[in-house]
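Novice: Sharing a sequence plus its predicted fold:
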Amino acid sequence: MIVAVIAAGDGDEGTTPAPSRTAGEGTQQPGGERADLVSFQLDDRSAAGITNIWVVWTIRNSSSKKSDYSWDWEAVDAGGTRLTSGTQLETNVLPGQTARGEYPTTLKTAKGVRLNITDFDRTASP
């Protein structure tokens, strides 16, 4: 089960909901380099009573230079309580290239959990 969140993102500063669209599902969000994070969502792979929730993402480099990406995120419940947070990295993404990644979380459930991006940076790769 994938839990999706719709993004309103209009800049790189502050906390914004994570994008949930995957590559090829429509247009990117406005907002400069932040729009390169095409999707960032929870993927609930739990089975047989074992909790197994991952964050998964898609980055599409819209710049003309090889780029490194880093972003901070938080998972919050319906009441706004932070359940966990983390930092993700995607490096050496070529111009026009799409990169996908995933990382396990410590979340016990994905139900009612919202992802927010708290910081996002794209830098040119050496």
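Specialist: On my side now, so go ahead. Residues are numbered from 1 along each chain as shown.
Novice: going forward, measure contacts and count neighbours with C-alpha atoms only.
Specialist: OK.
Novice: which residue sits closest to the residue nearest the centre of the chain, ignoring its sequence neighbours?
Specialist: By Cα atoms, centre = their mean, the mean C-alpha position of the chain lies nearest to F40, the distance being 2.6 Å. Leaving aside its sequence neighbours, F40 sits nearest to W57 (Cα to Cα, 6 or more residues apart in numbering; 4.3 Å).
Novice: helices and strands of this protein: which one bottoms out on pLDDT?
Specialist: strand 2-3 (a mean of 46; mean pLDDT, DSSP states H and E).
Novice: And stretch 72-85, what's buried?
Specialist: D72, W73, E74, A75, V76, D77, S85 (16 or more other Cα atoms under 10 Å).
Novice: and which of those residues is nearest to N52?
Specialist: Using Cα to Cα, A75 is the member of these that lies nearest N52, at 15.1 Å.
Novice: you'd agree that closest one is up against T106?
Specialist: No - the pair A75 and T106 does not pass the contact test of Cα atoms under 8 Å, sitting 10.4 Å apart.
Novice: Quick check: neighbours shared by these two?
Specialist: Shared contacts of A75 and T106, defined by Cα atoms under 8 Å, 6 or more residues apart in numbering, are found at T84.
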